[in-house]
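S.K.: When you get a sec, could you give me coordinates for this:
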Amino acid sequence: MESDLGILEVPEDVTTGTTLETHLGEAFEVRRLRGPDLFDHLERTGAPMMPRDIGLVVGHTGVASGDRTLDAGTGTGVLAAYLGRLGVDVTTYERDPEFAEVARENMDLAGVTDHVDVRTGDLLEEIDDIEDSFDLLTLDTGDAPEVVERAPELLAPGGFVAAYTPFVESARACVESAREAGLSEIETLETIQRRMDFDDRGSRPSTAGVGHTGYLCFARFTPQLE
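M.R.: Numbers count the residues shown, from 1 in each chain. This next block holds a predicted model:
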């Protein structure tokens, strides 16, 4: 690692709390990776879900330690890693074998291999073989509407589905599928976040960056008692 403070050589087996020095004698302390650090350093295989979107998933579903999540569209594995660090047990499906292998390596870096099981395959093709029920179903795939239709077969009573889609047409399709499946508490949110700039001239929203990331569709499985 090179900087204006010198060149820093980081051993592969370095441990948290170790102090390293650059060739110029500047000291750096090795610290444990946290969520935002992992987002910056996990190997990318595509556009991952942003931390702001993950925060909405956690806040709107209440997923917590000990819960079970079924995920489709692993990608880089950012969502799975965040949930695993919360103590959530995640079973995630990725169609691309190379992407799945990268995700497994990322789970190892995140220290969540005990909580996250990355499987290679298409969830929609595997549904009939899934016997467990889950507290949360998270989707970031093109066939999300089709999976939402099967949500009652996958969710425990009171469980949630959260579908992340880049286009509003896909969000609408997820909502229609949720209605047809008899799910309740259906709502869709567009994620928009603006950074603020403060300087000597005044204060205003930043003109740089893209505020919109995507759409999140939420629904809940609340079967009626007979």
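S.K.: Determine the set of other helices and strands touching the lowest-mean-pLDDT helix or strand in the chain.
M.R.: Every helix and strand in the chain was compared by mean pLDDT, DSSP states H and E; the lowest is helix 35-41, with a mean of 81. In terms of contacts (3 or more Cβ pairs under 8 Å, 6 or more residues apart in numbering; DSSP states H and E), helix 35-41 is packed against helix 51-61, helix 78-85, helix 97-110. The way it works is simple: take the backbone N, C-alpha and C, and place the C-beta from them, glycine included.
S.K.: Next, count neighbours for residue 180.
M.R.: Per other Cβ atoms under 10 Å, the neighbour tally for residue 180 reads 11.
S.K.: how about the nearest residue to the spatially most central residue of the chain, chain neighbours excluded?
M.R.: Per Cα atoms, centre = their mean, the C-alpha nearest to the average position across the chain is that of residue 79, at 1.5 Å. Once flanking residues are discounted, residue 79 sits nearest to residue 49: 5.0 Å by Cβ to Cβ, 6 or more residues apart in numbering.
S.K.: excluding its backbone neighbours, what's nearest residue 205?
M.R.: residue 194 (4.4 Å).
S.K.: which element is that neighbour on?
M.R.: Under the criterion DSSP states H and E, no helix or strand holds residue 194.
S.K.: circling back: for the least confident helix or strand of the chain, buried residues please.
M.R.: 35, 38-39 (16 or more other Cβ atoms under 10 Å).
S.K.: nearest to residue 14, of those residues?
M.R.: residue 38 (16.6 Å; Cβ to Cβ).
S.K.: ok, now how distant is that closest one from residue 199?
M.R.: As judged by Cβ to Cβ, to the nearest Å, residue 38 and residue 199 stand 31 Å apart.
S.K.: can you check residue 143 too?
M.R.: Counting by Cβ to Cβ - residue 143 and residue 199 are separated by 46 Å.
S.K.: hang on, the earlier thing: tell me, how many neighbours does the residue nearest to residue 79 end up with?
M.R.: 25.
S.K.: Likewise for residue 121?
M.R.: 14.
S.K.: I'd say it and residue 93 touch.
M.R.: Yes: using Cβ atoms under 8 Å, residue 121 is in contact with residue 93, at 5.4 Å.
S.K.: still on that earlier bit, who are the contact partners of the residue nearest to residue 79?
M.R.: 75, 78-79, 140, 164, 214 (Cβ atoms under 8 Å, 6 or more residues apart in numbering).
S.K.: ok so, going back, wait, which of the helices and strands packed on helix 35-41 is closest to residue 159?
M.R.: helix 51-61 (8.4 Å).
S.K.: can you list the domains in the protein?
M.R.: 1-32, 35-220 (automatic domain parsing).
S.K.: Determine which stretch of those domains is the most buried.
M.R.: domain 35-220 (a mean of 18; mean count of other Cβ atoms under 10 Å).
S.K.: Just the CA atoms of whichever strand in the chain runs longest, as CSV, please.
M.R.: Assignment by DSSP state E gives strand 155-165 as the longest strand of the chain. Extracted C-alpha coordinates of strand 155-165, given in CSV (Å, rounded to 0.1, in the frame of the first residue of the first chain):
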residue,chain,number,x,y,z
LEU,A,155,-41.9,-18.2,4.6
ALA,A,156,-42.8,-19.0,8.2
PRO,A,157,-46.0,-17.2,9.4
GLY,A,158,-45.2,-13.6,9.9
GLY,A,159,-42.1,-13.7,7.6
PHE,A,160,-41.2,-11.1,5.1
VAL,A,161,-40.2,-10.9,1.5
ALA,A,162,-38.0,-8.0,0.3
ALA,A,163,-37.4,-7.7,-3.5
TYR,A,164,-34.8,-5.3,-4.8
THR,A,165,-35.3,-4.2,-8.4
